[in-house]
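# I'd like to go over a predicted model; first the sequence, then the structure.
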Amino acid sequence: SYVDGEWHNSLTAANSTVPTVACQACAAGSFMSGALECESCPPGYSTQPGDLACQPCPQGSYQDDLQGPECTSCPVGTYSSLLGGQNCTSCPLNSSTSSSGSTIFSSCQCQDPYVELPLPLILSQRSELVEGAWGATTSPPPELVCGKEVYFLF
């Protein structure tokens, strides 16, 4: 039965017909199943002790079963805009976030001595910059490319 925010197992004492109640809250990262047993939350979800249901990890965090049962903040250099994330997305090459727990791509900023290269320059110099900026690829350029500043002499 559920009493005062905790699941209880009813036990009957040896000399009594009145059930005694022993409290047992499920640990963080688990919930009380229909079989009245604690079960682990699925990846991307967690609980606090005593919660009735698993909740999705908030944006800027993840839960992948390797880091333990609780949601973990995305480390510096990564972000997650998803609820219930199982991992964080890395910032593009030569960029990083300034803190852990970042929730959006725009948190990724070029790191010194690299600067954000303007899109027209990237497209016009694609054969040279692709190799040095983000690796050889046939896909469209990413939203953020950090490279060494380029000067043109006319």
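It's in. Numbers count the residues shown, from 1 in each chain.
# Could you find the closest non-adjacent residue to Thr97?
Ser107 (4.5 Å; Cβ to Cβ, 6 or more residues apart in numbering). C-beta: built from backbone N, CA, C; applies to glycine.
# likewise Cys110?
Cys146 (3.7 Å).
# wait, doesn't that neighbour sit right on Cys91?
No: between Cys146 and Cys91 there is no contact under Cβ atoms under 8 Å: 9.0 Å.
# where does this structure dip in pLDDT?
1-24, 67, 119-142, 150-154 (pLDDT under 70).
# residue ranges of the helices in the protein, please?
119-124, 126-133 (DSSP state H).
# Now do Cys110 against Glu149, distance only.
10 Å (Cβ to Cβ, to the nearest Å).
# Those two: which has the busier surroundings?
Cys110 (19 against 8; other Cβ atoms under 10 Å).
# Could you double-check that that one lies in contact with Thr97?
No: the criterion here is Cβ under 8 Å, and Cys110 misses it with Thr97 at 11.7 Å.
# returning to that earlier point: run through the bridge partners of the residue nearest to Cys110.
Glu116 (DSSP bridges).
# list the contacts for it?
92-95, 110-111, 114-117, 133 (Cβ atoms under 8 Å, 6 or more residues apart in numbering).
# can you do 10 Å?
Contact analysis of Cys146 by Cβ atoms under 10 Å, 6 or more residues apart in numbering lists 91-96, 108-117, 133-134.
# ok, now Ser100?
Applying Cβ under 10 Å, 6+ apart, the residues contacting Ser100 are 60-61, 72-79, 88.
# quick one on the thing from earlier: residues shared between the contacts of Cys110 and Thr97?
Cys91.
# on that earlier part again, check the contact lists of Cys146 and Cys91 and give me the overlap.
108-111.
# most surrounded residue in the residues you listed?
Cys108 (23 neighbours).
# hang on, that residue packs against Tyr79?
Yes: with contact defined as Cβ atoms under 10 Å, Cys108 counts as touching Tyr79 (6.8 Å).
# got any residues that touch both of those two?
What both Cys108 and Tyr79 touch, as defined by Cβ under 10 Å, 6+ apart, is the set 89-91, 97, 102.
# Kindly reformat these as TSV containing distance to Ala27 and neighbour count.
Shown next, in TSV, are those (distance: Cβ to Cβ, whole Å; neighbours: other Cβ atoms under 10 Å):
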residue	distance to Ala27	neighbour count
Thr89	29	16
Ser90	31	15
Cys91	34	22
Thr97	31	24
Ser102	28	26
